[in-house]
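Undergrad: pasting the sequence and the predicted model now:
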There are 2 protein chains.
Amino acid sequence: MRGRRAARPRQDSTKHRLVQAALKTLTTEGFYGTTARAIARTGELNQALIFYHFGSVDQLLLAALDATSQGRLVRYREALATVTSLTELVEAMAALYEEDVRVGHVAAVQELIAGGSSVPGLRRQVVNRMEPWVAFAEEVTRRLLAGSVFEPLVPIHDLAYAAVALYFGVETVTHLQGDRSRAASLFDAGRRLAPLADAMRTNATWAGDA
Amino acid sequence: MRGRRAARPRQDSTKHRLVQAALKTLTTEGFYGTTARAIARTGELNQALIFYHFGSVDQLLLAALDATSQGRLVRYREALATVTSLTELVEAMAALYEEDVRVGHVAAVQELIAGGSSVPGLRRQVVNRMEPWVAFAEEVTRRLLAGSVFEPLVPIHDLAYAAVALYFGVETVTHLQGDRSRAASLFDAGRRLAPLADAMRTNATWAGDA
């Protein structure tokens, strides 16, 4: 028992190295290149450790998805904590998206979703990792709309879900096309429109057709 | 020569049956179950015909994607031809989306995108099939914004791209989760918001923060 406890730090560190190796392999080799052998090679670890610590490559991939997703969510939460306008939101999101690409988060997640969706046991497990992001988007949306004329009109949960689906859709398409310039162009469009939307959010009046 | 020409209708009909069999197999077996053997079984055809007519399963899958995508685009174009408000657009899109699901278009396309994205030769070919949809969304957006206060302000191409990415994102997530209720919920939210947006589109006034 004591021995086991004492072994924890080393175990955790091996697990951490396996998770990092899995993420790196996903971004460099793609889902179908991310075999036990490839992960072990990337991490300079014995591949038996994957099965010892995670039971299967699929379980390691889910742990890797959890690690990158939770890590990024902490970062998003921190970066958007003080955002109270769409203008600030677009600016912060553009920077976060660039970070996502740079740290390999987008590529790893996209590979897992594309590949994992063809593995029945993995499909829902992967896509259900989206839920904390919908909850987070809901928090941010609620904060942005608080006190505005839209607050009672907009179904916040649906809007949050749409926001995550849009972000995910843009990530997928730009990842598959290997062309991130369109995401940049969308953020530019957001930068131009956000100040107008902010003005409307606080001061809008409209007349019905009647 | 004459013999060859006379054989055309039969060839076309075999190709058509192969395309239909490929689409059906994608929806029932998923990307990785869509082998030459499975397609041949679904279409009750000899699998050698796949290689004779298309050269490879991948080429048949691209032909199947073209067929369903072009067919659906014709249908969308027709259904949205007379739409001039967001209210009408949301209503028409909800019906079209239901049709997409019913005819198996969403499932086939999603399987192709998820699976095809892990096959280097297929990845860009698949995702580039999205371009006619962006062009179409641009036409519709342009028509809806014509004469409104937003027309000179909104980057139409970016908005069209975002609309397609959103639609695609929602399709992907609901397909992967096996739960279409959230798409239905989004269309409901759209139904509630569209009349407000239509009113703003034609009559909006806003004041800046200053």
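TA: Alright, I've got the coordinates.
Undergrad: next, the buried residues of stretch A:54-71.
TA: A:54, A:57, A:59, A:60, A:61, A:62, A:63, A:64, A:65, A:67, A:68, A:69 (16 or more other Cβ atoms under 10 Å in any protein chain shown). C-beta coordinates here come from the backbone N, C-alpha and C atoms, glycine included.
Undergrad: same deal with stretch A:180-189?
TA: Within stretch A:180-189, the residues scored as buried using 16+ other Cβ under 10 Å are A:180, A:182, A:183, A:186, A:187, A:189.
Undergrad: equivalent analysis for stretch A:143-157, please.
TA: Of the residues in stretch A:143-157, A:144, A:145, A:148, A:149, A:150, A:154, A:155, A:156, A:157 count as buried by neighbour count, 16+ other Cβ under 10 Å.
Undergrad: hmm, it touching chain B?
TA: Yes - judged by Cβ under 8 Å from any Cβ of the partner chain, stretch A:143-157 comes into contact with chain B at A:153, A:154, A:155.
Undergrad: need the contact list for the second one.
TA: Just to be clear, that refers to residue A:154. Residues near residue A:154 by Cβ atoms under 8 Å, 6 or more residues apart in numbering or on different chains: A:141, A:145, B:189, B:193.
Undergrad: now it: phi and psi?
TA: Per-residue torsions, residue A:154: phi -90, psi 130 (degrees, to the nearest 10).
Undergrad: just the pLDDT for it.
TA: According to the prediction, residue A:154 has pLDDT 81.
Undergrad: gap between the most centrally placed residue in chain A and residue B:124?
TA: Closest residue to the average C-alpha location of chain A: residue A:69 at 5.3 Å, with Cα atoms, centre = their mean. Distance, residue A:69 to residue B:124, using Cβ to Cβ, to the nearest Å: 27 Å.
Undergrad: which residue does chain A have closest to chain B?
TA: Chain B sits closest to residue A:169 of chain A, with a gap of 2.7 Å, by Cβ to the nearest Cβ.
Undergrad: wait, what's in contact with the nearest residue to that residue once chain neighbours are set aside?
TA: When the adjacent residues along the chain are set aside, residue A:169 lies closest to residue B:169, with 2.7 Å between them (Cβ to Cβ, 6 or more residues apart in numbering or on different chains). Contacts of residue B:169 were listed using Cβ under 8 Å, 6+ apart, and they are A:164, A:165, A:166, A:167, A:168, A:169, A:170, A:172.
Undergrad: got it, and residue A:197?
TA: Residue A:197 makes contact with residue A:86 under the criterion Cβ under 8 Å, 6+ apart.
Undergrad: what helix or strand does it sit in?
TA: Secondary structure assigned from DSSP states H and E places residue A:197 in helix A:181-203.
Undergrad: so how far is that helix off the chain centroid?
TA: The chain centroid and the centroid of helix A:181-203 are separated by 21 Å, computed with Cα atoms, centre = their mean, to the nearest Å.
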